[in-house]
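**Student:** Turn this into a model:
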Amino acid sequence: MTDDSLPPRLRFRLLLDRSVAIGPGKADLLAAIAETGSIAAAGRSMGMSYKKAWMLITAMNQWFREPLVVSTRGGRSHGGAELTPMGETVLDLYRSIESRAAEAVAGDLDAFAQLLRQDPPKP
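**Tutor:** Numbers count the residues shown, from 1 in each chain. Below is the predicted model of the structure:
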C-alpha cells in the first residue's frame, strides 16, 4: 500500500429486506440530524440534497414500528428535526453492531492488507 491509500476496512450494511438496508450513510444521516437538529443541515454536511435526505428519512420511518425522525415545519419557529427515542435506539444499535463487527474482523483485515501490492496501479 502507498502512503495515500487506505487499509482494507469494513463497511457494514444491515439488510432489513431484499432491497432495504441501513448502512453507514443512513446511520451518518441520523447522527447528523441529531447533531444539527435539521434535515437540510444534516444533508448539507454530508454533501446530500434535502430531497435525498428527506427520501431516506421517509423510507426509514416507514420500516420501523415508530418513526426514527420527527420534523416541524419552518416559519417563525424555523422548523427543525430530531431523532425520536426509537431513532436513538436504532442508531445506537447500528453503531454497536458496526463496532463489534469491525473488532471481530480486525485481524483478518490486517492479514488481508498484507496480501496487497505495495505499489497498486493508479485508477
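**Student:** What is the burial count for the residue lying closest to residue 23 once chain neighbours are set aside?
**Tutor:** Spatial nearest neighbour of residue 23, excluding adjacent residues (C-beta to C-beta, 6 or more residues apart in numbering): residue 13 at 3.7 Å. Any C-beta I mention is one placed from the backbone N, CA and C, and that applies to glycine too. When neighbours are counted by other C-beta atoms under 10 Å, residue 13 registers 14.
**Student:** And the longest helix anywhere in the chain, how far out from the chain middle?
**Tutor:** Criterion DSSP state H: the longest helix present in the chain is helix 85-114. The chain centre lies 12 Å from the centre of helix 85-114; the measure is C-alpha atoms, centre = their mean, to the nearest Å.
**Student:** Need the mean per-residue confidence for that helix.
**Tutor:** Helix 85-114 shows a mean pLDDT of 95.
**Student:** Remind me what it packs against, helices and strands.
**Tutor:** Here helix 85-114 touches helix 24-36, going by 3 or more C-beta pairs under 8 Å, 6 or more residues apart in numbering; DSSP states H and E.
**Student:** between the helix it packs on and helix 85-114, how big is the angle?
**Tutor:** Going by axes from the mean of the first three to the mean of the last three C-alpha atoms, to 10 degrees, helix 24-36 is angled at 130 degrees with respect to helix 85-114.
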